[in-house]
Every structure is written in C-alpha cells, then in structure tokens.
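Engineer: Any chance you could fold what I've pasted below:
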Amino acid sequence: MVVVVMKSERSKSPAKLFTVEEIAECVGVCERTVRRWIEKGLLVAHRFNGLVRISETDFQAFLTAHRDY
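Structural biologist: All right, here's what the predicted structure looks like:
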C-alpha cells in the first residue's frame, strides 16, 4: 500500500520568531531603533498577548529591502 501525502498536508515547521532584542543585536542597533522601524511600518511585527515578535521571513524581507541599515 502506498500513501501519498499532499504538500498542503505535510506538517510545516513553525516559523522562527525573534524578539526586538534579538533583532537589535543581530543588526547592531539599539532596541529603540527596532521599535521605530516597527512603528514606521518598515519591519513587520506580530503581537501575541502583549509580546512583540518578528518572524524570520519578515526579518529577511526587511534586510533585503533595507540593506543600508
């Protein structure tokens, strides 16, 4: 018997979520700068029960769009 698993049925690994502090450390800026980027809409952030998290995908998109930071 052969079982075919459709692509949409495969379990996806959860997206990596970063804190504001982790993003700041990675880019070499202060946390306030990262919060300003979020406030200006330059960096997409997600809020979960009052916690701010940035997905790896959104962080990569930010880095691609803003290589000068």
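
Engineer: wait, what's in contact with A61?
Structural biologist: Counting by Cβ atoms under 8 Å, 6 or more residues apart in numbering, A61 touches V44. All C-beta spots, glycine's among them, are computed from the backbone N, C-alpha and C.

Engineer: Need the phi and psi values for it.
Structural biologist: Backbone torsions of A61, given as degrees, to the nearest 10, read phi -60, psi -40.

Engineer: Let me see the ranges of the helices in the chain.
Structural biologist: In the chain, the helices defined using DSSP state H lie at 20-27, 31-40, 56-65.

Engineer: which of those helices sits most buried?
Structural biologist: Highest mean neighbour count among the helices of the chain (mean count of other Cβ atoms under 10 Å): helix 20-27, with a mean of 17.

Engineer: If I take it and helix 31-40, what angle do their directions form?
Structural biologist: 110 degrees (axes from the mean of the first three to the mean of the last three Cα atoms, to 10 degrees).

Engineer: by how many degrees do helix 20-27 and helix 56-65 diverge?
Structural biologist: Angle, helix 20-27 to helix 56-65, by the same axes, to 10 degrees: 40 degrees.

Engineer: same question for helix 20-27, mean pLDDT?
Structural biologist: The predicted model gives helix 20-27 an average pLDDT of 96.

Engineer: what packs against it?
Structural biologist: helix 31-40, strand 51-55 (3 or more Cβ pairs under 8 Å, 6 or more residues apart in numbering; DSSP states H and E).

Engineer: Switch these over to JSON lines; also include distance to I23 and mean pLDDT.
Structural biologist: Output for the helices and strands packed on helix 20-27, formatted as JSON lines (distance: least, Cβ to Cβ, whole Å; pLDDT from 0 to 100):
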{"stretch": "helix 31-40", "distance to I23": "5", "mean pLDDT": "98"}
{"stretch": "strand 51-55", "distance to I23": "6", "mean pLDDT": "97"}
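
Engineer: Please name the nearest non-neighbouring residue to the residue most central in space within the chain.
Structural biologist: Closest residue to the average C-alpha location of the chain: S55 at 1.9 Å, with Cα atoms, centre = their mean. Leaving out its chain neighbours, the residue that sits closest to S55 by Cβ to Cβ, 6 or more residues apart in numbering is A15, at 4.9 Å.
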